[in-house]
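Participant: sharing a model prediction with you, sequence too.
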Amino acid sequence: MEKRVRFKSRWLPWLLIAPQLVVVLVFFFWPAGQALYQSVLQEDAFGASREFVGMENFARLWNDSGYIDSFVTTGVFSILVATIGLSVSLLLAVMADRVGRGAGIYKTLLIWPYAVAPVVAGVLWLFMFASPMGVVGYTLRAMGIEWNHLLNPNHAMALIVMAAVWKQISYNFLFFLAGLHSIPKSLIEAAAIDGASPWRRFWTIVFPLLSPTTFFLLVINIVYAFFDTFAIVDATTHGGPGKDTAILVYKVYYDGFKALDMGSSAAQSVVLMVIVISLTVLQFKFVEKKVQY
Amino acid sequence: MIERRPGLQILRHLILLMGVFIVAFPLYLTFVGSTQTAQQINQSVPMSMMPGGHFWETYQLTLFGGPNSQGSPLPAMWPMMKISLITALGIAIGKIAISLLSAFAIVYFRFPLRNMVFWMIFVTLMLPVEVRISPTYQVVAGLGMLNSFAGLTVPLIASATATFLFRQFFLTIPDELIEAARMDGAGPMRFFKDVLLPLSATNIAALFVIQFIYGWNQYLWPLLVTTNEDMYPVVLGIKRLISGESWTEWNVVMAAALLAMLPPAMVVILMQKWFVKGLVDTEK
């Protein structure tokens, strides 16, 4: 779509676009180029010497069992966050969509965690499980589960998954609710007249019609788990015990700023960029499809 | 309501109440924690679930700093909240301003390389700060912007989503408006100020809510570019409070967590309509 009528000026559009362009060039393209450049260099920790090493940094990553482990950790983490988060939010959205009176209040009470910073979400959940005074940790111990997220990798993973899901429920809930609103009531009424139970109506009509929303949220949740949960990990587990909850972004940060291995950190950044680009392309492919649909 | 099933209706309320409980329970516990003393929390197994009587002491200590129960100094959260506020406002206003201008240029002017510029802005979607942390840090350090408001805000204000949103919106504005403005002798900037800006008010409000929350909750970027405690936003301050080796002053941590979530939560609740609009619009 284009405008038929425009203003004419040689310099004004450049002046208008300059601030955005400068920021984009200086803080996006230059660093991204630097990351590409550094990923093929080997540099010592003090930056005194550097040499071209080609693909060696990537080869080193590939052979580094720690990096592969971090990939697996991130995969497990994002699958757990996405499936648990989407299921819980979908259940709540379906209930809120049909509850009638009181729906507005439930909505307000369910959406505020969107405003909570990930690090605060991490601290809140840490407080519930911390030893010895954490209420939930205590209850679990009373039930015979020896909760210890400092030593048990499964417990540590469970803790960051819970904090991450808790923060993301509000977002998923709002989008599911919007998706449910757009399903024509007549379809559901027709099925009800034909005698389909609410359970059956959900699985044969609502859920299939909701699939564009679900797919969109799936991509968003994976991106969220990959990139926005750094603060949760940093506040609760520090990637531990050992490296068992060190997700990819945490590892980039750790290798670049704590271990000062710039070449490896840059190579990891490049890998992450490839992941984000593929996820974004996937999302846009889907948006195009939705427009036709 | 398609059919009456009282049992189902009760089930719906039960499930929703359970959801509200899961969402609200950590918040309640945070509040309770912030009204007790550090000893009360640390020495009871488990801590009491009833609010204690130390609300004012805790919040005073948290906001203005002072010695903790072990005698070591605690940082004041009040200055950090000011940093957070300035940063969040800077990011939100900056993003909206530069996106409005560039969307105006892209939609209402024809200039060489216009499409290329648009795509250059657009692909920044694919480069979130998390994937380019060390090279961006080096650029900011090279420009001498560490420990400054410029370093905290400027690298985060380029926004493809906001530019895209305003572009889409400008394209829906009828051409008759620009013709009428031109006939009345208005130049481009006059048209921008008197026609486009007022028309964009709801979009600006919606975007502001989302970007304010985004700015307030930034964690990884401030962690890199601030080394001086005077420039810490409040979310970093909280992290500092729990990274002590032996003793965690949990009541202060909880008070700080509540203070840190209060401003963005108020924005979400009070501006709910714009918040929902902003969320849905920016993710299209």
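Facilitator: Here it is on my side, so go on. Residues are numbered from 1 along each chain as shown, chains lettered A, B, ... in the order given.
Participant: strands along the stretch 51-200 of chain B, start to end?
Facilitator: B:66-67, B:73-74 (DSSP state E, counting those that start in this stretch).
Participant: got it, and chain A?
Facilitator: Counting by DSSP state E, chain A has strands at residues A:41-43, A:50-52.
Participant: any chance of the strands of the stretch 51-200 of chain B in JSON lines with distance to B:Asp194, mean pLDDT and mean neighbour count as columns?
Facilitator: C-beta here means a position set from N, CA and C on the backbone, and glycine is covered the same way. Putting the strands of the stretch 51-200 of chain B into JSON lines (distance: least, C-beta to C-beta, whole Å; pLDDT from 0 to 100; neighbours: other C-beta atoms under 10 Å in any protein chain shown) gives the following:
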{"stretch": "strand B:66-67", "distance to B:Asp194": "53", "mean pLDDT": "79", "mean neighbour count": "12"}
{"stretch": "strand B:73-74", "distance to B:Asp194": "51", "mean pLDDT": "80", "mean neighbour count": "14"}
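Participant: that older thread, let me have the strands of chain A in a markdown table, extended by mean neighbour count.
Facilitator: What follows is those, written out as a markdown table (neighbours: other C-beta atoms under 10 Å in any protein chain shown):
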| stretch | mean neighbour count |
| --- | --- |
| strand A:41-43 | 17 |
| strand A:50-52 | 11 |
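Participant: can you give me the distance of the residue nearest to A:Leu248 when sequence neighbours are not counted to A:Tyr171?
Facilitator: Using C-beta to C-beta, 6 or more residues apart in numbering or on different chains and skipping residues adjacent in sequence, the residue nearest A:Leu248 is A:Thr74, 4.8 Å away. From A:Thr74 across to A:Tyr171, the span is 20 Å (C-beta to C-beta, to the nearest Å).
Participant: again, but for B:His13
Facilitator: 23 Å.
Participant: neighbour count: the two, which is higher?
Facilitator: Neighbours per residue (other C-beta atoms under 10 Å in any protein chain shown) separate B:His13 from A:Tyr171, with A:Tyr171 holding more: 20 against 14.
Participant: so that one is in contact with A:Tyr114, correct?
Facilitator: Yes. At 5.7 Å, A:Tyr171 and A:Tyr114 qualify as touching, with contact defined as C-beta atoms under 8 Å.
Participant: need phi/psi at B:Met18.
Facilitator: With angles defined as degrees, to the nearest 10, B:Met18 sits at phi -60, psi -40.
Participant: out of the strands of the stretch 51-200 of chain B, flag the one nearest chain A.
Facilitator: Of all the strands of the stretch 51-200 of chain B, it is strand B:73-74 that lies closest to chain A, at 15.5 Å by C-beta to the nearest C-beta.
Participant: what helices or strands is the closest one leaning on?
Facilitator: The contact analysis (3 or more C-beta pairs under 8 Å, 6 or more residues apart in numbering or on different chains; DSSP states H and E) places strand B:73-74 against strand B:66-67.
Participant: now the strand it packs on: how far from the chain's centre is it?
Facilitator: Centre-to-centre, strand B:66-67 and its host chain are 29 Å apart (C-alpha atoms, centre = their mean, to the nearest Å).
Participant: about what we covered before: mind checking the strands of the stretch 51-200 of chain B for the one nearest to A:Met128?
Facilitator: Of all the strands of the stretch 51-200 of chain B, it is strand B:73-74 that lies closest to A:Met128, at 22.6 Å by C-beta to C-beta.
Participant: starting at the chain centroid, how far to the closest one?
Facilitator: Strand B:73-74 sits 27 Å away from the centroid of its parent chain (C-alpha atoms, centre = their mean).
Participant: what of stretch B:277-284?
Facilitator: Mean-position distance between stretch B:277-284 and its chain equals 15 Å (C-alpha atoms, centre = their mean).
Participant: quick check: buried residues in that stretch?
Facilitator: Using 16 or more other C-beta atoms under 10 Å in any protein chain shown as the test for burial, stretch B:277-284 gives B:277-279, B:281-282.
Participant: could you do stretch B:106-123 as well?
Facilitator: B:106-109, B:111, B:117-118, B:120-121, B:123.
Participant: restrict these to contacts with chain A.
Facilitator: Among those, the residues within reach of chain A (C-beta under 8 Å from any C-beta of the partner chain) are B:106-109, B:111, B:117, B:120-121.
Participant: out of these, which sit inside helices?
Facilitator: Among those, the residues falling in helices (DSSP state H) are B:106-108, B:117, B:120-121.
Participant: what's the most distant pair in those?
Facilitator: Pairwise distances across these peak at 18.7 Å for B:Tyr108 and B:Met120 (criterion: C-beta to C-beta).
Participant: give me the mean pLDDT for stretch A:96-111.
Facilitator: In this model, stretch A:96-111 has an average pLDDT of 86.
Participant: wait, doesn't A:His262 sit right on A:Ser269?
Facilitator: In this structure residue A:262 is Met, not His. No. A:Met262 lies out of contact with A:Ser269 (C-beta under 8 Å); the separation is 10.1 Å.
Participant: overlap in contacts, those two.
Facilitator: B:Ser134 (C-beta atoms under 8 Å, 6 or more residues apart in numbering or on different chains).
Participant: returning to what we had before: from the buried residues of stretch B:106-123, which two are the most distant?
Facilitator: Greatest spatial distance among the buried residues of stretch B:106-123 (C-beta to C-beta): B:Tyr108 and B:Val123, at 22.6 Å.
Participant: once you drop chain neighbours, what's closest to B:Trp247?
Facilitator: Per C-beta to C-beta, 6+ apart, closest to B:Trp247 is B:Gln70, 5.2 Å.
Participant: go on, B:Asn203?
Facilitator: Nearest non-adjacent residue to B:Asn203, counting by C-beta to C-beta, 6+ apart: B:Phe169, 5.5 Å away.
Participant: ok, the one you found to B:Thr163 distance?
Facilitator: Using C-beta to C-beta, we find B:Phe169 at a distance of 11 Å from B:Thr163.
Participant: same check on A:Gln268?
Facilitator: According to C-beta to C-beta, A:Gln268 and B:Thr163 sit 29 Å apart.
Participant: now A:Met128
Facilitator: Remark: distance between A:Met128 and B:Thr163 (C-beta to C-beta) = 41 Å.
Participant: centroid residue for the chain?
Facilitator: I'll assume chain A. A:Tyr224 (1.0 Å; C-alpha atoms, centre = their mean).
Participant: my question was about chain B, not that one.
Facilitator: Note on chain B: the residue nearest the mean C-alpha position is B:Ile213, at 1.8 Å, using C-alpha atoms, centre = their mean.
Participant: per-residue confidence for it?
Facilitator: For B:Ile213, the pLDDT comes out at 92.
Participant: pretty sure it contacts B:Ala265?
Facilitator: No. Using C-beta under 8 Å, B:Ile213 is not in contact with B:Ala265, being 9.1 Å away.
Participant: quick check: neighbours shared by the two?
Facilitator: A:Ala115.
Participant: tell me which element the residue found closest to A:Val116 once you drop the neighbours it is linked to in the chain is part of?
Facilitator: Excluding its sequence neighbours, the residue lying closest to A:Val116 (C-beta to C-beta, 6+ apart) is B:Met261, at 4.9 Å. Per DSSP states H and E: B:Met261 is located in helix B:250-270.
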